[in-house]
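Colleague: model the structure of this input:
(one chain, ligands or ions: 3)
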Amino acid sequence: MAVIPVQLAGRSYEVLVDHGLLDDAANVGAAFLRKETVPIVADTNAKAHHGKRLEAALATAGHKATWFEVASGEASKSWQGLQELTDWLLAQGVERGDQVFALGGGVVGDLTGFACAILKRGCGFVQIPTTLLAQVDSSVGGKTAINTNAGKNLIGAFHQPALVLIDPATLDTLPDREMRAGYAEVIKYGILADREFFDWLAENGKKVVARDPGALVHAISTSVAAKARIVAEDERETSGARALLNLGHTFGHALEAETGFSDRLLHGEGVALGMVLAARYSARRGLISVEDAALVASAIEASGLPSEISQLGLYCDGSKLADHMLHDKKMDAGTLPFILLRGIGAAYLAKDVALDDVASFLDEQLQ
Ligand SMILES: NC(=O)c1ccc[n+]([C@@H]2O[C@H](COP(=O)([O-])OP(=O)(O)OC[C@H]3O[C@@H](n4cnc5c(N)ncnc54)[C@H](O)[C@@H]3O)[C@@H](O)[C@H]2O)c1
Ligand SMILES: O=C(O)C(=O)C[C@@H](O)[C@H](O)[C@H](O)COP(=O)(O)O
Ligand SMILES: [Zn+2]
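Modeller: Ligands and ions are numbered 1, 2, ... in the order given. Model (predicted):
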């Protein structure tokens, strides 16, 4: 079993990665089970495929589950979703010292984490991520949020989980498109800070997406370790270090907003397109070669992810996308810092980017 610590003053926790770990959840999570009944918030599909296993694991230690089911899809990360969940947690009598379990992808993790951040001013939660994206990214680091009409993740809090249990075997039931979407956040770690990992993925990426157990555990552990390092350095995204994890997201979130946060574009797909755009924009500014930008695009295409905005059939102009970016949380005194590349594995925060230049770059890309 891989054990990856996330070291934060007073809030350190462990991320455990192992095939079959779900069946051992009550044992490895024993310290976090203080009552007979365990409240579990679960995505409909995650519960259908893996709920019984979690229930059986809890039963071995004398615990029983009580379930709150969250409808699959980004729309559940909403005020209404939050209200229904917090009402349920209150009805269950959840106390500050309790741990709420979150079983599912990033939608369930972000929603449950935020509900637990504000319930009685904060109770505990344990993440059991069941999508590749959630296993490599959203379950770790404590960013929790819901969306609003104005944009993505605009209402939220930093609230760290007490434990993260990753069982890569849960990915056996995940649709292929969701595997590819999660792979976008995997390759992100290579592009932003780890050329060696990027090159390893060039060789092994197809195995990761095909769920080869060894390749999967290596990709998940490397990704989580990278995220843990960055989060330990800059938990609340104040120094600029954590902002690098937003590589591709300024473009991606704008595309998600323009496609209505719908199945037309999954978060990971938006991030994939956004990373291609960030690489091309870096090349346009002479920061990286055109060849390196093409290498980023071909690494993304090779996994079956979209790499051209035209694939979305969008009928809008660059300034419309740039308008969505005005809601980006990195916005600072009228300037939007962008994560650009000085090389593959060498992302940095550029504070000299003009949004109208980005808009005209996007107009070229939309043709
Ligand atoms: N907090 C963070 O740091 C962070 C990081 C990255 C992304 N996110 C957020 O995460 C969300 C995306 O997460 P996601 O990609 O996991 O999407 P998701 O939670 O919507 O799950 C994707 C789909 O997979 C299904 N599913 C989940 N587990 C399954 C399983 N084991 N078998 C079969 N189906 C399963 C779900 O029902 C859903 O249809 C976005 O809202 C994004 O903003 C947050
Ligand atoms: O953990 C982080 O920090 C990230 O930026 C990870 C991203 O993959 C994730 O999508 C995050 O939710 C985006 O953050 P936001 O602050 O732009 O909402
Ligand atoms: Zn993301």
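Colleague: low-confidence ranges in the chain?
Modeller: Within the chain, no stretch has pLDDT under 70.
Colleague: ok, longest helix in it?
Modeller: The helix that spans the most residues within the chain, counting by DSSP state H, is helix 213-233.
Colleague: C-terminal to that one, what's the next element?
Modeller: helix 249-258 (DSSP states H and E).
Colleague: quick one: the helices in the protein?
Modeller: Applying DSSP H to the chain gives helices spanning 25-28, 44-60, 79-91, 106-118, 132-133, 176-193, 195-209, 213-233, 249-258, 267-284, 290-302, 318-325, 355-366.
Colleague: returning to what we had before: which other helices and strands contact the longest helix of the chain?
Modeller: Using 3 or more CB pairs under 8 Å, 6 or more residues apart in numbering; DSSP states H and E as the contact test, the elements touching helix 213-233 are strand 2-6, strand 13-17, helix 176-193, helix 195-209. In this view, the C-beta of every residue, glycine as well, is placed from N, C-alpha and C.
Colleague: packing partners for the last one?
Modeller: I take that to be helix 195-209. With 3+ CB pairs under 8 Å, 6+ apart as the test, helix 195-209 has helix 176-193, helix 213-233, helix 290-302 packed against it.
Colleague: flag every buried residue along it.
Modeller: Within helix 195-209, the residues scored as buried using 16 or more other CB atoms under 10 Å are 197-198, 200-201, 204-205, 207-209.
Colleague: equivalent analysis for the longest one, please.
Modeller: By neighbour count on 16+ other CB under 10 Å, the buried set for helix 176-193 is 178-193.
Colleague: which bits of the stretch 1-150 of the chain sit near ligand 2?
Modeller: 137, 141, 143 (CB under 6 Å from any ligand atom).
Colleague: and if you look at the stretch 251-367 of the chain?
Modeller: residue 329.
Colleague: and the chain, which residues reach ligand 1?
Modeller: Proximity of the chain to ligand 1 (CB under 6 Å from any ligand atom) is limited to residues 43-46, 49, 72-74, 77, 104-108, 110, 130-131, 133-134, 137-138, 141, 143, 153, 170, 173-174, 178, 181, 267-268.
Colleague: how far off centre is stretch 242-257?
Modeller: Chain-centre distance of stretch 242-257: 11 Å, with CA atoms, centre = their mean, to the nearest Å.
Colleague: now the end-to-end length of that stretch.
Modeller: Start-to-end span of stretch 242-257 (CA to CA, to the nearest Å) is 23 Å.
Colleague: and the gap between the residue located most distally from the centre of the chain and residue 30?
Modeller: With distances taken as CA atoms, centre = their mean, the residue sitting farthest from the centre of the chain turns out to be residue 62, at 32.7 Å. Taking CB to CB, to the nearest Å as the measure, residue 62 falls 11 Å from residue 30.
Colleague: that older thread, can you tell which of the helices of the chain is closest to residue 68?
Modeller: Taking CB to CB, helix 79-91 is the member of the helices of the chain nearest to residue 68, at 4.8 Å.
Colleague: show me what contacts residue 188?
Modeller: The contact partners of residue 188, by CB atoms under 8 Å, 6 or more residues apart in numbering, come to 137, 245, 247-248, 271, 275.
Colleague: re earlier: which of the helices of the chain has the highest mean neighbour count?
Modeller: The highest mean neighbour count among those, using mean count of other CB atoms under 10 Å, belongs to helix 132-133: a mean of 28.
Colleague: what's in contact with the longest helix of the chain?
Modeller: Residues from elsewhere that reach helix 213-233 (CB under 8 Å, 6+ apart): 2, 4-8, 15, 17-19, 132, 135-137, 140-142, 166, 168, 171, 185-186, 189, 193-194, 197, 200-201, 204, 207-208, 239, 241-242, 244-245.
Colleague: same check, this time on stretch 4-16
Modeller: Contacting residues not belonging to stretch 4-16 are listed as 1-3, 17, 28, 139-142, 160-166, 221, 224-225, 228, 231-232, 235 [CB under 8 Å, 6+ apart].
Colleague: quick one, phi/psi of residue 288?
Modeller: phi -130, psi 170 (degrees, to the nearest 10).
Colleague: and the gap between the residue most central in space within the chain and residue 281?
Modeller: The C-alpha lying nearest the average C-alpha coordinate of the chain belongs to residue 138 (CA atoms, centre = their mean; 3.3 Å). Separation of residue 138 from residue 281 (CB to CB) stands at 25 Å.
Colleague: please apply the same query to residue 367.
Modeller: 15 Å.
Colleague: likewise for residue 95?
Modeller: Taking CB to CB, one finds residue 95 at 49 Å from residue 281.
Colleague: likewise for residue 267?
Modeller: Taking CB to CB as the measure, residue 267 and residue 281 are separated by 20 Å.
Colleague: got the end-to-end distance for stretch 273-292?
Modeller: Distance across stretch 273-292, first residue to last, is 16 Å (CA to CA).
Colleague: contacts for it?
Modeller: 184, 187-188, 191, 247-253, 255, 265, 293, 296-297, 300, 306-309, 312, 338-344, 358, 361-362, 365.
Colleague: run the last query once more with 7 Å
Modeller: 188, 191, 247-252, 255, 293, 296-297, 300, 306-307, 309, 339-344, 361, 365 (CB atoms under 7 Å, 6 or more residues apart in numbering).
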